[in-house]
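**Q** 3D model of this:
(one chain, ligands or ions: 1)
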Amino acid sequence: MLNRLFLASALLLAGYIPAAGQNQETSPSQIKVIAHRGYWTAPESAQNSLASFAKADAIGVYGSEFDVWMTSDDDLVVNHDRIYAGTNIDMEKSLREEIASIVLANGEKIPTLDQYFEQAARMPGTRLILEMKVHYTPEREVEAVKKIVEKLRHHGLVERTDIISFSLHACQRFHEELPDTRIYYLAGNLSPQQLKDYGLAGLDYYMGVLRDHPQWIEQAHALGLEVNVWTVNSEQDMQEFIDRGVDYITTDYPERLQALLKK
Ligand code: MG
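**A** Reported below is the predicted structural model:
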């Protein structure tokens, strides 16, 4: 401890450490685990199913991520792909009823966002990491953002939800609607300074982007932004980003990551 204090003082005197609160690496114990599409690699689960959220909640992750589309009749459903594999059902061009009849790998049906939120409201220990998918037109995105915000408010989940999107347009609209909500951008093509200028909470980027831009984690922290990285599944990759001090790691194997963080 004394050695660390001495080292910190020495570095501070030498001008290597910027002002307090800036440029802090996140220590392993502070790194937060996010289950990608819920804990779907658990037994009897499926991506974006109600079970995947419940199973993520049961192991005590920080947050559980899921994907949201607006249907042709302007309702909202929880699913990853635009076209559900093995069908020709396009999430945006199909009716809610038709989509909600699709049976998932674990026997559940694709949940509506209302069903997903109803369950999540009963499981207050897990944060919701809501990804809004990129829709066909900006107009549809505006409508989808509006409806998602309405449902978050209706279910009392605004304070428990972080928003992510590949659509910068959607991120901006969410920020206008919910100025106190943390919003993270996914597409990897904007620097921390650009994200800060858009008023976003941080970056949620693919591993390869953070390898191509090794300075972005530090830059983000110096700007008061947070860093999430996806989809980190091998122990080797997990350890790399633990060591690099990101704030969140999004993984298909949350228990593997939890075990590594405890070491
Ligand atoms: Mg997603």
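**Q** Helices of the stretch 51-200 of the chain, start to end?
**A** 96-99, 113-121, 138-154, 168-177, 192-197 (DSSP state H, counting those that start in this stretch).
**Q** possible to save the ones you listed as CSV with mean pLDDT, distance to Ser27 and mean neighbour count?
**A** Every C-beta, even on glycine, is put in place using the N, C-alpha and C of the backbone. Converted to CSV, those look like this (pLDDT from 0 to 100; distance: least, C-beta to C-beta, whole Å; neighbours: other C-beta atoms under 10 Å):
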stretch, mean pLDDT, distance to Ser27, mean neighbour count
helix 96-99, 98, 43, 18
helix 113-121, 98, 29, 19
helix 138-154, 98, 31, 17
helix 168-177, 98, 28, 20
helix 192-197, 98, 20, 17
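**Q** could these go into CSV alongside distance to Val77?
**A** Formatted as CSV, the helices of the stretch 51-200 of the chain follow (distance: least, C-beta to C-beta, whole Å):
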stretch, distance to Val77
helix 96-99, 5
helix 113-121, 7
helix 138-154, 11
helix 168-177, 16
helix 192-197, 28
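**Q** Compare those helices and give me the one nearest Val209.
**A** Comparison of the helices of the stretch 51-200 of the chain against Val209 by C-beta to C-beta identifies helix 192-197 as nearest, at 11.7 Å.
**Q** how many neighbours does Tyr136 have?
**A** Taking other C-beta atoms under 10 Å as the criterion, the count of residues near Tyr136 is 12.
**Q** these two touch, right, it and Asp90?
**A** No - counting by C-beta atoms under 8 Å, Tyr136 sits too far from Asp90 to count as a contact (9.5 Å).
**Q** any weak-confidence spans in the stretch 1-150 of the chain?
**A** Applying pLDDT under 70 to the stretch 1-150 of the chain flags the ranges 1-25.
**Q** For Ile129, see how far away Gly208 is.
**A** Gly208 sits 21 Å away from Ile129 when distances are taken as C-beta to C-beta, to the nearest Å.
**Q** Between the two, which has more neighbouring residues?
**A** When Gly208 is set against Ile129 and neighbours are counted by other C-beta under 10 Å, the residue ahead is Ile129, at 26 against 10.
**Q** what residues are up against the closest residue to the more buried one other than its chain neighbours?
**A** Among residues not flanking Ile129 along the chain, Glu65 sits closest, at 4.0 Å (C-beta to C-beta, 6 or more residues apart in numbering). Taking C-beta atoms under 8 Å, 6 or more residues apart in numbering as the criterion, Glu65 is in contact with Ile34, Ala35, His36, Arg37, Gly38, Ile129, Leu130, Glu131, Ile164, Thr250.
**Q** Tell me if Asn228 really is in a strand.
**A** Yes - the secondary structure assignment for Asn228 places it in a strand, going by DSSP: H, G, I helix; E, B strand; the rest coil.
**Q** going forward, begin numbering at 537 instead of 1
**A** Noted, 537 is the first residue going forward, which turns the last one into Asn764.
**Q** close enough to count as contact, it and Asp740?
**A** Yes - between Asn764 and Asp740 there is a contact under C-beta under 8 Å: 3.9 Å.
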